[in-house]
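**Q** Compute the structure for the input listed below.
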Amino acid sequence: MKLVVLDMRKYSLIFLLFYVSISFSQSKNEIEERIKASEFPKVALYYFNGISDQVNYLKFYKETDGSKHSFEAKFKLNKLHYSVEFDTLGNLEDIEIVIKEKHIPKPAFKTMLNYFNTNFDKVRFIKIQKQYLNNSNRSDQQFINYVLDNPVGKNTHFEIIAEIKTNGERFLKEFTFKNTGEFEKSRPVSSSSYEHALY
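**A** All right, here's what the predicted structure looks like:
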């Protein structure tokens with residue numbers, strides 16, 4: 001009987017370690033490092049040659065999130081804060097624009113609030129972004145220019161970093177919603193990635 005109990009404990013421990021490692025890998029644990037333009041993927045850097053004199057605070061970053069590596073250009077244009085993310089080969093991943101609650105269409109916002117009210121006791125939005133994924137036939141450069149020229153155009157997703165309270169506990173999570181407001185996915189935000197996530 002003792003051997004059975006020991007075996008069950010051993011397997012329980014293995015399962016617990018596996019679960020923790022899976023949970024950790026799915027959390028937002030970004031490390032962001034400011035880099036020189038010369039360290040940015042050349043093909044992606046080329047896209048900013050034509051607009052570098054129009055934007056403010058153009059900065060380049062290298063991001064590590066677990067085993068994933070990417071590059072991000074951040075800037076301000078016409079009072080809007082943009083981030084444009086690329087993979088290590090310089091292929092566009094997404095474009096994000098920081099917005100406020102009032103900029104979310106009411107039907108979509110109502111759907112989001114319904115999700116939060118159903119699943120959590122309290123919620124406080126810390127950062128809201130419109131996200132654009134290139135699902136069109138446009139090239140990366142054409143798509144970047146399209147979004148810059150049409151910042152109020154229809155986005156594909158919303159990303160929200162929120163402080164939530166449930167069962168007496170508070171924690172940070174990043175939520176992704178479709179542009180209709182339907183919940184798509186979420187992941188915890190680690191304290192190490194919290195500060196730079198605010199911009």
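
**Q** Distance of Leu133 relative to Gly168?
**A** Distance of Leu133 to Gly168, given as C-beta to C-beta, to the nearest Å: 37 Å. All C-beta atoms are positioned from the backbone trio N, CA, C, and that covers glycine.

**Q** With neighbour numbers in mind, choose between the two.
**A** Shown here are Leu133 and Gly168; by other C-beta atoms under 10 Å, Leu133 has more neighbours (13 against 6).

**Q** Count the residues that sit near the closest residue to that one other than its chain neighbours.
**A** Nearest in space to Leu133, with sequence neighbours left out and distances taken as C-beta to C-beta, 6 or more residues apart in numbering, is Thr156 at 4.6 Å. Using other C-beta under 10 Å, Thr156 has 14 neighbouring residues.

**Q** Next, the contact list for Thr156, please.
**A** Neighbouring residues of Thr156 by C-beta atoms under 8 Å, 6 or more residues apart in numbering: 131-133, 135, 178-179.

**Q** Average pLDDT for the host helix or strand of Ala44, rounded please.
**A** Using DSSP states H and E, Ala44 maps to helix 42-46. For helix 42-46, the mean per-residue pLDDT is 96.

**Q** rewinding a little: gap between the residue nearest to Leu133 and Phe143?
**A** Separation of Thr156 from Phe143 (C-beta to C-beta) stands at 11 Å.

**Q** Are there residues contacting both of the two? Which ones?
**A** In contact with both Thr156 and Phe143: Tyr132, using C-beta under 8 Å, 6+ apart.

**Q** Which residue ranges of this structure form strands?
**A** Using DSSP state E, the strands of the chain run over 30-35, 56-65, 68-77, 80-86, 92-99, 122-132, 157-166, 169-178, 183-188.

**Q** start to end distance for stretch 126-139?
**A** 33 Å (C-alpha to C-alpha, to the nearest Å).
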